[in-house]
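Engineer: Take this sequence and fold it.
(chains A and B)
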2 protein chains.
Amino acid sequence: MVRRQSELFLPTLRDDPADAEAVSHRLLARAGLIRQVGAGLWSFLPAGWRVHEKIVQIVREEMDAIGGQEMLMPVLTPAELWQRTNRYRIPELFKLCDRGERPFVLAMTHEETVTFHFAELRSYRDMPKILYHFQTKERDEPRPRGGLLRVREFVMKDSYSFDRDEDGLDVSFRKHADAYERIFERCGIEYYGVQAESGMMGGSESIDYLAPSGSGENTLVTCERGDYAADLEIARGVPRAPRFPQRLDAPREVETPGIATIDELAAFMGVDAAATAKAMPVVTADGTLVLGLVRGDDRLEEAKLAAVLRSDVRPASEEEIREAFGAEPGSLGPVGFAGEIVADEALREGQFVAGANRTGRHLAGVEHGRDYTARFADIRQSSEGDACPCCGGRLRFQTAIEIGHIFKLGSRYSEPLGATFLDESGAERPVLMGSYGIGPGRVMAAVVEQCHDADGIVWPVSIAPYGAHVLALHGGSPEVLERALAVAEALSAGGVEVLLDDREQRPGEKFADADLLGVPVRVTVGKKTLDDDAVDVRVRATGADERIAREFVLPWMKEL
Amino acid sequence: MVRRQSELFLPTLRDDPADAEAVSHRLLARAGLIRQVGAGLWSFLPAGWRVHEKIVQIVREEMDAIGGQEMLMPVLTPAELWQRTNRYRIPELFKLCDRGERPFVLAMTHEETVTFHFAELRSYRDMPKILYHFQTKERDEPRPRGGLLRVREFVMKDSYSFDRDEDGLDVSFRKHADAYERIFERCGIEYYGVQAESGMMGGSESIDYLAPSGSGENTLVTCERGDYAADLEIARGVPRAPRFPQRLDAPREVETPGIATIDELAAFMGVDAAATAKAMPVVTADGTLVLGLVRGDDRLEEAKLAAVLRSDVRPASEEEIREAFGAEPGSLGPVGFAGEIVADEALREGQFVAGANRTGRHLAGVEHGRDYTARFADIRQSSEGDACPCCGGRLRFQTAIEIGHIFKLGSRYSEPLGATFLDESGAERPVLMGSYGIGPGRVMAAVVEQCHDADGIVWPVSIAPYGAHVLALHGGSPEVLERALAVAEALSAGGVEVLLDDREQRPGEKFADADLLGVPVRVTVGKKTLDDDAVDVRVRATGADERIAREFVLPWMKEL
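Structural biologist: As a prediction, the model looks like this:
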């Protein structure tokens, strides 16, 4: 097909949107591909929707290739289903009532509904199965931002696998991992598949797909030598060893009046900040106060501590701290604390300065085993000076966008929703599930984050809104416009989707708009080349220009 | 492709769902094509989704053929947009707040959003344009029913046209009418395009597409001679002429104590019920009481009266009636009433018995012009004895399903939302819009209502979930299963989408399931035909059976 640009609803913007920080937000809005309707609520305008739907089609093909069956489940969902799985309390879940005051949610994902449907089946013969849909998701994000990067409504492909046992689940999970790799490769995106926390989804294993980008809400940690990649939330960087002071036979209490920070404490005590311990009291979902302990130069990674405790955690309030420790927040430590202590692995060996649980006092020479006992786990947040846990190489931090996430759910949903089956022996067992999500809009934004230059977007061929952009520099010459149309139609007849710039604009404006939109190939038809029946072609990605005979445009493109 | 039925998520039901009245509800649920998640909330299971998406693709092709540009607008919409057009008060509109207590609606249609986007454009050169999307709609229906017939969530194709003037709007409207006719024809549906009321959409002209069916919420009125079709709400049936009693020179008051119905009144007065008048006081949106007057044997059609008054109307309360008339509801009439009277055309000529506006009394011989004045309009509901307004033929009433609706909106939305443009003379004018909706799920249900028999669904080829259903009656014979697979793959290689029943079920069960699902062609491979390399083919629509050589199956299907 040939789409005439004079007819296309492609309202470009001269300037960046006022609030646009992310480059994908700026370029997608300026090129006329997306428009905001409200905070975190976006319309895809026709050319943008073409990109979205090309990504959707790639996802669909790869899901079908692993045996996925497409269906559709509703957005509006009776609250009862979400109450049964204990997810009704999720703050991002939009809740509403109908006119009969019956409660509903707007599904932010569809584990509940698909499990409800699958529970109709009863036999081991009904598995394995993979069901999926593309459906609108709603999330009450407190801070939508970055154009398509963090939104309140988006289309997601979510698929669900159903298996009889762990081996089956492994197979379904692996099939999805392979499919996701093919999807991202076909979309021309640089990405890392990293082990990640399962968060609100529950379940035992998950892979997060992160696309490095200038904007993004995730921090991707990679080894400079290429043998390690993880989301910061679970990255296991190895911290430098502390320089310990001389060993003490017993803790020594020191008055530390007015000391408010670890740096001040280290300077005051004359020790390496890495030889101090920082007490971080948290409260679990059931109200238990737990003392998290990390090295003074480290940060507590709440996600890791939450995984250890199998509960969401929040920082304890000052009042809760005073009640539990009898001391102010700045003077807390493990010695003498009667509750549970989870200490970071880095504190296992050596003596550290720690709070004395008496306001304005610290203890020097605190040693695990002798002075306190704790459960040890990796609960520190990796930091940029860390070494790779695999090879000792330097770890690199980059911001990244989450473009997909796959989870092993096990029986997290099948048990509360009664999705069980009878095995060969007639015994009833819960179905084992996996859940796999990918957001085409996020992928689209991530591609723009990675594929652009100062002039605009540089679409990969696989997801470009059009295959070729034919520019008619006709300025008052019907012959040129006619020739440009002939070129466009010849390309179209050869299977290329063509956008024909037939507008009255001046050449400079047409070139700028074409660069902004980022169609892979630009074909310019002007007065200069009319006589020798040639056109100027340019590859957007490389900027390479060439003048070729009109009849060679299609073969030239095919070769590309 | 070949889909093995043993792997397909197609959970059939032995019995009808308990609450299923509509045949489409029964058959779609039993065949495993749809499942209920809540009242008016349905999932499309994989085979059902295939049908839905085939309808979607037909709609898309016809929209593209008239120059439509596909895009996507969000469901969640800031309430402010709907407040500006005064539609926030619609009771079917789902309303909710985000966590910051900002009000939103779930869009039930997208006039507001698309107009908001289009308002970015400013030039007459930007028109005409047609934008459309397929998007989830949410409606807080008080009484969801009939499976897919009346639901609370559904996918709708809604398109919007933007034009400079009435002539342009006419063209866009006509293009859509033509596209809709092609869509319904391609889907194999019997339908009528009828003039209809615009209702909550506003605007000046609309065509409602009605599919006759055993279930449905609309009443389709057609002439037995085929020259007239209308929705009951606006049908202009011609009532029989009354038998008038002798003419009176002036109204004569008669005591009619205890007379409660028109039949009683007619009998008491010794006149034809058609020679009486019935007073129906209503109240408009601004609180004005208006007297609607229809013949005694007719019903007031509120939708017609509302259109005449350009306002929603509701029946007046007994208290409002007493205050306005000084009489009880059973004795009202036009004579002496000081407010506005809208009388049905059937009352223009002749003398009628009417209430005297004195409790327990009526007037005989009431005549328009002499005894009262009124605005005349067609405000009666057509009834089955009426004659066709075109040819005098008999009118036929059928229940029907609304499968599409197209509207001329004019400046109903462009004015409040500021979508204006500068014409050639530089004058600012509002864009003229049209709005055009079609629900693929409704179309799917309507097709089933029209195309089924006692055994199940009979899909038209164009929207069938598969092109051929190959049944392997293998019962312990690997050769039969192998041969059936070969037949399936040969058909698939020829471009046919094939469902292969490779399950262990007995032949009777397979035949019954195949009839229920309704794939157009059934190909049976059994032991009997193995040796002579033949198969049994059957056309679902006609039941015609044939035994043909395996190699001829594909040519036979192509010929079909």
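Engineer: Parallel or antiparallel, list what pairs with the longest strand along chain A.
Structural biologist: Using DSSP state E, we find that the single longest strand of chain A is strand A:395-410. Here strand A:395-410 has these sheet partners by DSSP bridges: strand A:205-212 (antiparallel), strand A:218-223 (antiparallel), strand A:432-438 (antiparallel).
Engineer: Which stretch among the ones you listed approaches B:A488 most closely?
Structural biologist: Nearest to B:A488, of all the strands paired with strand A:395-410, is strand A:432-438, at 28.9 Å by CB to CB. For glycine as for every other residue, the C-beta is placed from the backbone atoms N, C-alpha and C.
Engineer: List the contacts of the closest one.
Structural biologist: A:59, A:109, A:111, A:115, A:132, A:156-166, A:168-169, A:172-173, A:176, A:180, A:183, A:201, A:203, A:209, A:403-414, A:419 (CB atoms under 8 Å, 6 or more residues apart in numbering or on different chains).
Engineer: With mean pLDDT and mean neighbour count as new columns, can the strands paired with strand A:395-410 be given to me in CSV?
Structural biologist: Listed next are the strands paired with strand A:395-410 as CSV, based on pLDDT from 0 to 100; neighbours: other CB atoms under 10 Å in any protein chain shown:
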stretch, mean pLDDT, mean neighbour count
strand A:205-212, 92, 24
strand A:218-223, 93, 22
strand A:432-438, 97, 25
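Engineer: Take the ones you listed and lay them out in TSV including distance to A:D531.
Structural biologist: Shown next, in TSV, are the strands paired with strand A:395-410 (distance: least, CB to CB, whole Å):
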stretch	distance to A:D531
strand A:205-212	47
strand A:218-223	54
strand A:432-438	51
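Engineer: So for B:D16, which of the ones you listed sits nearest?
Structural biologist: Closest to B:D16 of the strands paired with strand A:395-410, according to CB to CB: strand A:432-438, at 30.3 Å.
Engineer: now the angle between strand A:395-410 and the next helix or strand after that closest one, please.
Structural biologist: Remark: after strand A:432-438, the chain's next helix or strand is helix A:440-450, criterion DSSP states H and E. Interaxial angle of helix A:440-450 relative to strand A:395-410 (axes from the mean of the first three to the mean of the last three CA atoms, to 10 degrees): 170 degrees.
Engineer: Helix A:440-450 packs against which elements?
Structural biologist: The criterion is 3 or more CB pairs under 8 Å, 6 or more residues apart in numbering or on different chains; DSSP states H and E, and the helices and strands that helix A:440-450 contacts are helix A:23-30, helix A:46-65, strand A:153-163, strand A:205-212, strand A:395-410.
Engineer: can you redo these as TSV with distance to A:D501?
Structural biologist: Shown next, in TSV, are these (distance: least, CB to CB, whole Å):
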stretch	distance to A:D501
helix A:23-30	17
helix A:46-65	13
strand A:153-163	29
strand A:205-212	31
strand A:395-410	31
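Engineer: before we move on, the earlier item: the longest strand of chain A - what's its average pLDDT?
Structural biologist: Regarding strand A:395-410, the rounded mean pLDDT is 95.
Engineer: what number of residues lie near the nearest residue to A:Y209 once chain neighbours are set aside?
Structural biologist: Sequence neighbours aside, A:G404 is the residue nearest to A:Y209 in space, at 3.8 Å (criterion: CB to CB, 6 or more residues apart in numbering or on different chains). Applying other CB atoms under 10 Å in any protein chain shown, we find 27 residues neighbouring A:G404.
Engineer: likewise A:R380?
Structural biologist: A:R380: 27 neighbours (other CB under 10 Å).
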